[in-house]
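Trainee: need a structure here:
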Amino acid sequence: MSETETKTPENGWTVRIIDQSGATEDDMVEEVRGFVDLFHANAFARAYVRDSIERCRVPGATDREVLESWLSFGESAEVPQSGDEGWKANTELDEFVSTPATPMERDWRSIDPRRLIDEDELEGLLDGEDAEDDASRPEIIRH
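Mentor: This next block holds a predicted model:
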């Protein structure tokens with residue numbers, strides 16, 4: 001089944017954040033909900049893990065040391081109910097560990113669905129006159 005054929009779960013796509021340090025009983029830190037589609041959820045999970053690995057990287061560390069640090073203290077992410085179409089950390093882990101990420105590659109915050117604005121929240125944000133003038137219109141991410 002391809003990504004475009006993957007059936008959207010009843011409550012939408014979710015990314016599960018997993019604490020690898022064992023600090024929590026079930027290793028789950030949180031579930032992030034509200035992704036537009038599976039592509040969005042996969043991109044978020046990938047960037048989240050990429051950022052977590054970079055937070056575990058220290059100057060001069062070998063690839064093995066970075067990996068061990070991440071496995072001990074980092075956070076992973078997965079897209080439950082995505083089957084084979086969901087992004088998996090283990091598919092890119094070697095590359096992530098051996099190649100430091102750019103700021104854009106680790107910017108999960110910019111695609112976090114919790115930052116998106118609902119259409120209902122827009123009411124009153126723009127007055128009638130300004131809504132016609134694109135130069136004065138604030139950039140809004142809609143879902």
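Trainee: how much space separates the residue nearest to Asp19 when sequence neighbours are not counted from Ala61?
Mentor: Once flanking residues are discounted, Asp19 sits nearest to Val29: 4.8 Å by CB to CB, 6 or more residues apart in numbering. Heads up, the C-betas are built off the backbone N, CA and C, glycines and all. Applying CB to CB, to the nearest Å, the value for Val29 to Ala61 is 24 Å.
Trainee: neighbour count for these two, which is higher?
Mentor: Val29 (17 against 14; other CB atoms under 10 Å).
Trainee: for that one, give me its contacts.
Mentor: Val29 is in contact with Ile17, Ile18, Asp19, Glu75, counting by CB atoms under 8 Å, 6 or more residues apart in numbering.
Trainee: thought the first one was touching Glu31?
Mentor: Meaning Ile17. Yes. Assessed by CB atoms under 8 Å, Ile17 is found in contact with Glu31 at 7.3 Å.
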